[in-house]
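1. What follows is a predicted structure for the sequence shown.
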Amino acid sequence: MLTPGSKFGNYKIQQSVGSGAMGVIYKALDTQLDRVVALKLINEELARSHDYRARLADEARAAAKIDSPHVVKVWEQSEFQNQPYISLEYVSGKDLREIAGDLDFDQKINMARQIAEGLQAAHSCGLIHRDLKPENIKVTENQRVKILDFGLAKTVTAESVDQQGNIEGTLQYLSPEQLTGEPLTFASDIFTFGIITFELLTGRRPFEGVYPAAIIYSILHEDPPLATDFAPDLPDWVDGLTSKLLAKQPANRFENMTSVLDFIDISLKHKELPGAKKKVGARQTVTVIDLKNLSNDKSWDYFSYGFTDDLINELSRRTDLIISAEPHTSYSRDVRDCFKRFRSDYVIVGSMMKWQKNIRLRLNIYGEDGDKMLAGERYEADSSEIFKILSHAVNDVATKLAEISGSNSFEVEDIFKTDIAAYDYYLKGKSYYHTNRKEDLEFAEQMFEKALAIDPNLAYAHSGLSDLYSSQYMAYYDRCQEKIEKAKLKAEKAIKISPDLPEAHRSLGRYYMFVGDFARAEESFLKAVAINPKYAIGYRTLAWLKEIAGDHDKAIQWAKTALRYAPNDLETLLLLSIVNMDLRKYTVALATLHRAIELAPDYGLAYQNLGTVYQRLGVLDLAQENFLQAIKYKGDPNALIDAGYIDMLNGDFVKAREKLEESIAEGFFPFIAYYFLGRIELRSDNPKKAEEYFLKSIESAEEWESKDQHKGNPHITAYRAIALASVGRKDEAKLLLEKLEKDGKEDGTILYNVGRGYAILGDSEKTKEILKLAVTEHAGPTEKEVSIDDHFDQSNLPFGERKVHGTI
């Protein structure tokens, strides 16, 4: 730390004026040129990097060429006594945040123009700022804007997590590209300029959240509000400006800062009066809460839940609003909590009752964050007229929503109809199908068949049977060819009965996807969403198809489209997390999973994936916390094994044994649990007991591999190989490892176990070679994850030091 009056090269220090992640800043006198400067000394960690020094020199040279009164000038970049520094124009004044509240509209838009001019000049010199925020924008006493920190070689992302699992960095001003790790262009600065302009004009940031993951999710997936929603006196054109600046896709933003300035200048020239005309806002959303069953018969819940789905589907056809379902959860919510969690503009709450031969339906529309009921209506008719009730209800609600929101409502003549008894069986089958349990799928099949016995032309039931057969096939309940062919026949039957039924085309697409005909699968899914452009499940299935095919960019694109039409859909959020985990974009995956848990605090699969993310990041405490939640909410059978593995790494062998033995009792891939029980006994100096477990692992793996549905499964073979290596059957193990290395060369999880196998065999060089591949391939481990794995030590790790216990 330099003191006032001390010398640093040609500079005489006057005072310290601040410090940050990059170094310390002093006000100093350049004694050669007799001018006051801001002298920034680069911190020791960055200064040690030769690459950083070179990049700093390159960017400082480029920044020195910027000719703008709105960008702080770079006077010099050099080193003194091996200390890199940069000398900058000294600017006195306050930062933008400090003075914004005292400005009127004309002054604020003038500030925005000056910032835009500064960025325009910098971009013309090829420089991207990357860390623009109000604190980096100074305003002098005569209200001249000065942008700080161009040419300081910053790399600002959200790809770092501290020891408590918190995402580090100033997130509120990052562009989507920075969050996802995409290459940055000038469009990134344009997006950040949009955030700053929105905040300057309204006093509110467009993307908010109570925790970092929520901010990231909002930037990536949620539409920004209109500026005029927060500041009604703003001219209407400001909404057009900020909406285009804040477009998620760079291609949809302004082409450059010149275009931004032109838009502002033309709008100001028209002299539109503040608040003169209001534009219709961004997409508005309605969340429909599952209709409450008020009948004494609780077994009738399936009917009210199924009817809710049909209510949503029919209502969605009659409005341009986004109609979304409440995520299924055991947590009860009041209306205000629904607004808070779902971030919807409106919430519909209702109930159903079966009373003697009649059915009663009640629907209430809430707005204003749940503080006001905007409309309510009751319907009652004989149960045989259930579809007349549905028709009246959705037409009334669509009309009322149009009046309330300014949206459009559409007249739709046709409506789904069938015999009430067939409908009852269909809804019951649909309810049991969604559990995906073997015995429930068998019961669901019976219900769909009963529905078709009453109404053979019920296309929804044919489509339901197709999905059921596909699920039985893919879940390994019944892997015979006849089963999957039945899925095709039922889908084709549904299409023949109802050619414009999106669900039927999706069912046919699922058949093609599961038999590996991806081209026809995509064709069917695209047909489904062409019929119903708001068919969120169709987009989600397209995303799954692309993920399976290895096209991650398309998978993300379709998943985002699905979220647009079903913002509360947990399966889409889970899929997005999986894709981002595979792409090693862990902070994006964290944000997505936290959003899923915010929507449904008992969503076990989200906890399982969160545990996996934290394990890959090396934060074992949080990994274990989430695996335990996954066990509690029955999220994934792997949770017991994963939690047992974490206990083993932390040296708590008693708890590890308990979880692994419980996993064996559950019967889910017991060869994995047996293997890790063997590892525990090895670390406990019980080689004989360890051998018993390894032999059980081999026997169990061979039993699973003998089943038709698991023959040739490389993940099972990998555990058999490392168990064989562990009992000294080296030749057998090596043959399997060589085959796995060849067949699984693009699968990081398989390569990880191959690396473990070679480590057990004592082949350090081969272990290093395989691990280098594993940490770069699809779904593979991270370096941190490998470094805490007790299979490896310093002799066979290709990177860094091994840390057996703790977090990071």
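-> Structure received.
2. what stretches of the protein score poorly on pLDDT?
-> For the chain, the stretches flagged by pLDDT under 70 are 151-170, 271-282, 476-479, 708-709, 800-808.
3. ok, the residue nearest the centre of it - contacts?
-> Nearest to the geometric centre of the chain sits residue 592, at 3.0 Å (Cα atoms, centre = their mean). Residue 592 makes contact with 217, 573, 576, 577, 580 under the criterion Cβ atoms under 8 Å, 6 or more residues apart in numbering. Quick note: C-beta positions are derived from backbone N, CA and C, even for glycine.
4. and of the residues you listed, the nearest to residue 665?
-> Closest to residue 665 out of the contacts of residue 592 is residue 577 (29.0 Å), distances taken as Cβ to Cβ.
5. Please save the CA atoms from the helix or strand where the closest one lies in CSV.
-> In the assignment (DSSP states H and E), residue 577 maps to helix 570-582. Extracted in CSV, the C-alpha atoms of helix 570-582 (Å, rounded to 0.1, in the frame of the first residue of the first chain):
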residue,chain,number,x,y,z
LEU,A,570,-40.7,-28.5,-13.9
GLU,A,571,-39.6,-31.0,-16.5
THR,A,572,-38.4,-28.3,-18.8
LEU,A,573,-36.4,-26.7,-16.1
LEU,A,574,-34.9,-30.1,-15.2
LEU,A,575,-34.0,-30.7,-18.9
LEU,A,576,-32.4,-27.2,-19.1
SER,A,577,-30.3,-28.0,-16.1
ILE,A,578,-29.2,-31.4,-17.6
VAL,A,579,-28.1,-29.7,-20.9
ASN,A,580,-26.2,-27.0,-19.1
MET,A,581,-24.5,-29.6,-16.8
ASP,A,582,-23.4,-31.5,-19.9
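6. Which neighbouring elements make contact with that helix?
-> Contact here means 3 or more Cβ pairs under 8 Å, 6 or more residues apart in numbering; DSSP states H and E; on that basis helix 570-582 packs against helix 536-548, helix 552-565, helix 586-599, helix 604-617.
7. Of these, which is nearest residue 122?
-> helix 586-599 (27.3 Å).
8. got the angle for that closest one vs helix 552-565?
-> Helix 586-599 runs at 30 degrees relative to helix 552-565, counting by axes from the mean of the first three to the mean of the last three Cα atoms, to 10 degrees.
9. okay, now the domains of the chain?
-> For the chain, automatic domain parsing gives the domain ranges 1-90, 98-282, 285-405, 669-787.
10. Determine which of these approaches residue 488 most closely.
-> Of all the domains of the chain, domain 669-787 sits nearest to residue 488, with 18.9 Å by Cβ to Cβ.
11. Span of the closest one from start to end?
-> Start-to-end span of domain 669-787 (Cα to Cα, to the nearest Å) is 25 Å.
12. Repeat that for stretch 660-678.
-> Stretch 660-678 has its terminal residues 11 Å apart, counting by Cα to Cα.
13. that older thread, which outside residues touch the helix holding residue 577?
-> Helix 570-582 has contacts (Cβ under 8 Å, 6+ apart) with 180, 327-328, 536, 540, 543-544, 547, 552, 555-556, 559-560, 562-563, 566, 586, 588-589, 592-593, 595-596, 599-600, 603, 605-606, 609, 612-613, 616, 778-779.
14. how about the helices of the stretch 151-300 of the chain, start to end?
-> Using DSSP state H, counting those that start in this stretch, the helices of the stretch 151-300 of the chain run over 176-180, 186-202, 212-221, 227-230, 237-245, 257-269.
15. Give me the buried positions along stretch 525-540.
-> Across stretch 525-540, burial judged by 16 or more other Cβ atoms under 10 Å covers 525, 527-529, 531-532, 534-540.
16. And for stretch 352-359?
-> By 16+ other Cβ under 10 Å, the buried positions in stretch 352-359 come out as 352, 353, 354, 359.
17. gap between it and the chain center?
-> Centroid displacement of stretch 352-359 relative to its chain, using Cα atoms, centre = their mean, to the nearest Å, is 42 Å.
18. quick revisit: got a markdown table for the buried residues of stretch 525-540, with distance to residue 441 too?
-> Converted to a markdown table, the buried residues of stretch 525-540 look like this (distance: Cβ to Cβ, whole Å):
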| residue | distance to residue 441 |
| --- | --- |
| 525 | 23 |
| 527 | 26 |
| 528 | 22 |
| 529 | 26 |
| 531 | 27 |
| 532 | 26 |
| 534 | 28 |
| 535 | 24 |
| 536 | 23 |
| 537 | 18 |
| 538 | 22 |
| 539 | 25 |
| 540 | 20 |
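19. Make JSON lines out of the domains of the chain and add distance to residue 798.
-> JSON lines is the format used below for the domains of the chain (distance: least, Cβ to Cβ, whole Å):
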{"stretch": "domain 1-90", "distance to residue 798": "21"}
{"stretch": "domain 98-282", "distance to residue 798": "21"}
{"stretch": "domain 285-405", "distance to residue 798": "43"}
{"stretch": "domain 669-787", "distance to residue 798": "4"}
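20. you'd agree residue 12 is in a strand?
-> Yes. With DSSP: H, G, I helix; E, B strand; the rest coil as the criterion, residue 12 is part of a strand.
21. How about it: what's its closest non-neighbour residue?
-> Excluding the flanking residues, the one nearest residue 12 by Cβ to Cβ, 6 or more residues apart in numbering is residue 29, at 4.5 Å.
22. Tell me the helices and strands packed up against the strand or helix carrying that neighbour.
-> Residue 29 is part of strand 23-30 when elements are defined by DSSP H and E. When contacts are defined as 3+ Cβ pairs under 8 Å, 6+ apart, strand 23-30 packs onto strand 11-19, strand 35-42.
23. Tell me how far the shortest one lies from the chain's centre.
-> To tie it back to what came earlier, the one meant is strand 35-42. That offset, for strand 35-42, works out to 42 Å (Cα atoms, centre = their mean).
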